[in-house]
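In: Sequence and predicted structure are below.
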Amino acid sequence: MVDPIASLKGKRVLVTGGGGFIGSRVCERLVEAGADVRALVLYTSSGTAEWLDTSPVRAEVDIRRGDLADRDSVMDAVRDCEIVLHLGALIAIPYSYAAPESYVRVNTLGTLNVLQAVRECGVARMVNTSTSEATAPPASPP
């Protein structure tokens, strides 16, 4: 059986949310497969790349700092990529009740920015991820 990730060798792949727990692991696997990996990581005053800071592939990932809600930083990250894996989002559903505007700004407007950048830059493939919380909490763990 052929490993589907092997087809990404040599491809420039953007991972939004690349500094997150899952995003950083996706970056690691892509680097191992030989992809040219770029990660869009939320800019913070601390300057960290979150989970990527401790990743063994940190030096092999082109880290772009920005904000999904900022169209220009999204366009900059998407430009020249062949594939976009959109994992970036604000998480922790309970906080969304306290600050709904920020969740709409990042999760909804941010996703729209990614989609528009993908279209304008002629990206061949885009994968959008979500969470089981998008429909309902699971009755039991999978």
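Out: Structure's in. What do you need?
In: how would you label the closest residue to Asp62 other than its chain neighbours: helix, strand or coil?
Out: Taking C-beta to C-beta, 6 or more residues apart in numbering as the measure, Asp62 lies nearest to Arg38, with 4.3 Å between them; neighbours along the chain are not counted. In this view, the C-beta of every residue, glycine as well, is placed from N, C-alpha and C. Secondary structure assignment for Arg38 (DSSP: H, G, I helix; E, B strand; the rest coil): strand.
In: Ser24: which element?
Out: Under the criterion of DSSP states H and E, Ser24 resides in helix 21-32.
In: Which parts of that helix count as buried, going by neighbours?
Out: Taking 16 or more other C-beta atoms under 10 Å as the basis for neighbour counts, the residues of helix 21-32 that come out buried are 23-24, 26-28, 30-31.
In: Dump the helix or strand of the chain with the lowest mean pLDDT to CSV, keeping only the CA atoms.
Out: Ranked by mean pLDDT, DSSP states H and E, the weakest helix or strand in the chain is helix 93-98, scoring a mean of 84. Coordinates of the C-alpha atoms in helix 93-98 are reproduced here as CSV (Å, rounded to 0.1, in the frame of the first residue of the first chain):
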residue,chain,number,x,y,z
ILE,A,93,-15.6,26.2,23.0
PRO,A,94,-16.5,27.5,26.5
TYR,A,95,-14.5,30.7,26.0
SER,A,96,-16.4,31.4,22.8
TYR,A,97,-19.5,32.1,24.9
ALA,A,98,-17.5,34.9,26.7
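In: Could you point out the helix or strand that follows that helix?
Out: Moving toward the C-terminus from helix 93-98, the first helix or strand encountered (DSSP H and E) is helix 100-103.
In: Tell me the first helix or strand C-terminal of that following helix.
Out: Tracing the chain past helix 100-103, the next element assigned as helix or strand by DSSP H and E is helix 110-121.
In: What are the buried residues along that following helix?
Out: Taking 16+ other C-beta under 10 Å as the basis for neighbour counts, the residues of helix 110-121 that come out buried are 110-111, 113-115, 117-118, 121.
In: Okay then, goodbye and thanks.
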